[in-house]
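Asks: Sharing a model prediction with you, sequence too.
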Amino acid sequence: MVNNFSTLLGSRLLKIDDVYKATGISRTTLTELYYRRKANVELRTLKKICDYLQVSLSELIEYTPK
């Protein structure tokens, strides 16, 4: 599984604080997702991030079966 959250933010020159202010998702959750420390993220949280960044879930999180 590949987490593209940090890449997407970097390419758009956005900060975690920008996402926090726009979505209300906790800074802790966003930071853990950014640094790829968070293994379990609620689908509702991922949806908010996707809506904010205007990307599909597969662009945010890539999954390739083994």
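Replies: Noted; the coordinates are in hand.

Asks: if I look at Cys50, how far off is Lys66?
Replies: 25 Å (CB to CB, to the nearest Å). (C-beta placed from N, C-alpha, C; glycine too.)

Asks: For those two, indicate the residue with more neighbours.
Replies: Cys50 (17 against 2; other CB atoms under 10 Å).

Asks: Show me what the helix or strand where that one lies is packed against.
Replies: Per DSSP states H and E: Cys50 is located in helix 43-53. If you count contacts as 3 or more CB pairs under 8 Å, 6 or more residues apart in numbering; DSSP states H and E, helix 43-53 packs onto helix 16-23, helix 57-60.

Asks: hmm, who's touching it?
Replies: Under the criterion CB atoms under 8 Å, 6 or more residues apart in numbering, residues 5, 8, 12, 19, 22-25, 29, 33, 56-57, 59-61 lie in contact with helix 43-53.

Asks: before we move on, what about stretch 13-22?
Replies: Contacts for stretch 13-22 (CB under 8 Å, 6+ apart): Leu8, Leu9, Ile25, Ser26, Arg27, Leu30, Thr31, Tyr34, Ile49, Tyr52.
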